[in-house]
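Peer 1: dropping a prediction and its sequence here:
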Amino acid sequence: MRNEYVRRRYWARSLVGYQRIGNAQPNTAHKVLAWMEQHGFMKHLITQNVDRLHHKAGHRDVMELHGTIHEVECMSCGHVEPRHSFQDTLLQHNPGWQDTNAPSSQSRPDGDAELAPQAYADYRLPRCVHCGGAV
């Protein structure tokens, strides 16, 4: 997180890929597991997924082992912001960047995207709105 190039690379790829994962909907398996919880067949769900689809399906007690892609946390003060609003911040800091650098990139199911190395050179990183720290 201390390397600015690594942060630019992460947030640039996430800017492109987030739309896919942010709009994803639960499938039948998510819904069946939520039904099982609601009807007393299970109490807790432990998942490695970061997409919050279990929550969208109706689960109440979910432990996310790897966190979630739907929240952004400041590395300095711990302020948490919803990822969908941070997406708007990323777009405001980088007007036209996505059209120029990622017109045909393919987002992956994990909310990431492959981009050419030169795409990160002019990518602008927003700072935490509370303390100015790195997010």
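Peer 2: Noted; the coordinates are in hand.
Peer 1: where does pLDDT dip in this protein?
Peer 2: Residues of the chain meeting the criterion pLDDT under 70: 103-107, 109.
Peer 1: which residues of it fall in helices?
Peer 2: Here the chain has its helices, by DSSP state H, at 4-22, 28-38, 53-57, 83-93, 97-101.
Peer 1: and the last one, which residues are buried?
Peer 2: Neighbour-count burial for helix 97-101, with 16 or more other C-beta atoms under 10 Å as criterion, is recorded at 97-98, 101. All C-beta atoms are positioned from the backbone trio N, CA, C, and that covers glycine.
Peer 1: by contact count, what packs against it?
Peer 2: The elements that helix 97-101 packs onto, with contact taken as 3 or more C-beta pairs under 8 Å, 6 or more residues apart in numbering; DSSP states H and E, are helix 4-22.
Peer 1: need the helices of the chain in TSV (columns: distance to Y120).
Peer 2: Output for the helices of the chain, formatted as TSV (distance: least, C-beta to C-beta, whole Å):
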stretch	distance to Y120
helix 4-22	5
helix 28-38	34
helix 53-57	29
helix 83-93	13
helix 97-101	9
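Peer 1: quick one, phi/psi of D61?
Peer 2: phi -120, psi 90 (degrees, to the nearest 10).
Peer 1: just give me the neighbour total for it.
Peer 2: Neighbours of D61 under the rule other C-beta atoms under 10 Å: 11.
Peer 1: would you mind measuring from the residue nearest to it when sequence neighbours are not counted to W35?
Peer 2: Take D61 and drop its neighbours on the chain: the residue closest to it by C-beta to C-beta, 6 or more residues apart in numbering is H44, 4.9 Å away. H44 is 15 Å from W35, where distance means C-beta to C-beta, to the nearest Å.
Peer 1: cheers, nothing more for now.
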